[in-house]
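> Predicted structure and sequence below. I'll ask about it afterward.
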Amino acid sequence: MVLDEQNELEFTENAWEALYDAVDSTYFREQDADLIYKTLQGRLHAISFGDYLKRYIYQKAEMEEPFDSIDVKTYQKIIQGAFMDNHTPQSFSPTTAKLSALAKNWLTQRTVKREVVFLLGFGLAMSVEDVNQFLTKALREQGINAKNPFEVVCWYCFKNGYSYLKFEKLWQIYQETPVDSLNMGLLYSEETIGARNTMYNIHDDAALLAFLSKLKTSDNQAKVSVTALRHFMSLYDEARDQIADMYNRTEEENLSGRLSEYRSRLSASDRLYDYEKQQLLEKSGRKKRRIPGKT
């Protein structure tokens, strides 16, 4: 995105400004579609995760230097210092990678895995609102998932200002907690909002662990929502049908053109009888390829 020099940190505002500039243009009525396309192509680009992270650090650290004058190394050092101060490791799982290298990746990548946001949540002492902003705007995914035990434990810690050490302790207890009776209606229905409201009512460790135990199976695995998967498969099947239909229609048109050309060549030939020409045309017509849809 081409950022306004006086307002370069306002990603959303700048995007709206670009659209308004296009609509307010004197040429809009004459070439509206072309103008919108050029605006989208030339001035509106998806903001990378790295840029969101830089802006967050820039604002939180109350830096006064021009935003575009600060190099990656400066942000790296801030992340390293914050992780040390907040007793946060460089990964949720064992790794030989150094925090400096990982931090550089986070600051320069267009996107990252979801768990990186939660790790940064602890390392940079983010609030629940901060984490949700990163999930929904920087990654363009859903906010904290009330049916995912890992994310619920993180949410609980962010909400109460607990450190990574507290998360580690709670996560270990969760993994050792026996399975409670599962509320299948809550887990497998559309009532995700019910799970979210229940999560919001958690006010202490005991309530947290009681809630989490309902998200476990006998083999100590987490139950996940099937709602998203069901909708995904529905959309996937619909996409398959539409792609197959488009391909098959194109194939029909191409075959028709090829047969017409072949018929013309056969008509001009005097080496074959008419019935032989017809047989060849019918044989060529049976070579039609079709892609099956869902069914």
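Okay, I see it. Numbers count the residues shown, from 1 in each chain.
> correct me, but G121 touches V131?
Yes: using Cβ atoms under 8 Å, G121 is in contact with V131, at 4.5 Å. (Each C-beta comes from the backbone N, C-alpha and C, glycine too.)
> out of the two, which sits in the busier spot?
Neighbour tally, G121 and V131, criterion other Cβ atoms under 10 Å: the higher count belongs to G121, 26 against 22.
> How about the contacts made by that one?
130-131, 134, 154, 158 (Cβ atoms under 8 Å, 6 or more residues apart in numbering).
> if we go to 6 Å?
131, 158 (Cβ atoms under 6 Å, 6 or more residues apart in numbering).
> How much space separates it from Y56?
Distance from G121 to Y56, counting by Cβ to Cβ, to the nearest Å: 11 Å.
> what's the overlap in contacts for these two?
With the criterion set as Cβ under 6 Å, 6+ apart, the contacts of G121 and Y56 do not overlap.
> okay, and the common contacts of G121 and V131?
Common neighbours of G121 and V131 (Cβ under 6 Å, 6+ apart) are F158.
> just so I have it, where are all the helices in the stretch 101-250 of the chain?
Remark: helices assigned in the stretch 101-250 of the chain by DSSP state H, counting those that start in this stretch are 114-123, 128-133, 149-160, 164-176, 184-188, 192-200, 205-213, 227-267.
> Please dump these into a markdown table; it should also carry mean pLDDT and distance to K77 for every row.
Listed next are the helices of the stretch 101-250 of the chain as a markdown table, based on pLDDT from 0 to 100; distance: least, Cβ to Cβ, whole Å:
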| stretch | mean pLDDT | distance to K77 |
| --- | --- | --- |
| helix 114-123 | 98 | 13 |
| helix 128-133 | 96 | 20 |
| helix 149-160 | 95 | 24 |
| helix 164-176 | 91 | 20 |
| helix 184-188 | 42 | 44 |
| helix 192-200 | 62 | 36 |
| helix 205-213 | 83 | 35 |
| helix 227-267 | 72 | 39 |
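> Dump the ones you listed to JSON lines, plus distance to S100.
Shown next, in JSON lines, are those (distance: least, Cβ to Cβ, whole Å):
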{"stretch": "helix 114-123", "distance to S100": "13"}
{"stretch": "helix 128-133", "distance to S100": "23"}
{"stretch": "helix 149-160", "distance to S100": "24"}
{"stretch": "helix 164-176", "distance to S100": "18"}
{"stretch": "helix 184-188", "distance to S100": "41"}
{"stretch": "helix 192-200", "distance to S100": "35"}
{"stretch": "helix 205-213", "distance to S100": "34"}
{"stretch": "helix 227-267", "distance to S100": "36"}
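> Could you point out which of the ones you listed sits nearest I70?
In terms of Cβ to Cβ, the element of the helices of the stretch 101-250 of the chain nearest to I70 is helix 114-123, at 18.0 Å.
> what's the closest of the helices of the stretch 101-250 of the chain to Q76?
Among the helices of the stretch 101-250 of the chain, helix 114-123 sits nearest to Q76 (Cβ to Cβ), with 12.4 Å.
> Going by neighbour count, list what's buried in that closest one.
114, 116-123 (16 or more other Cβ atoms under 10 Å).
> next one: stretch 62-82
70, 74-76, 78-80, 82.
> try stretch 98-105
For stretch 98-105, by 16+ other Cβ under 10 Å, it's 99, 102-104.
> what about dumping the CA coordinates of it to CSV?
Extracted in CSV, the C-alpha atoms of stretch 98-105 (Å, rounded to 0.1, in the frame of the first residue of the first chain):
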residue,chain,number,x,y,z
LYS,A,98,17.2,-18.6,17.9
LEU,A,99,14.7,-16.0,18.9
SER,A,100,16.5,-13.3,16.8
ALA,A,101,16.1,-15.4,13.6
LEU,A,102,12.4,-16.1,14.4
ALA,A,103,11.7,-12.5,15.2
LYS,A,104,13.2,-11.4,11.9
ASN,A,105,10.9,-13.9,10.1
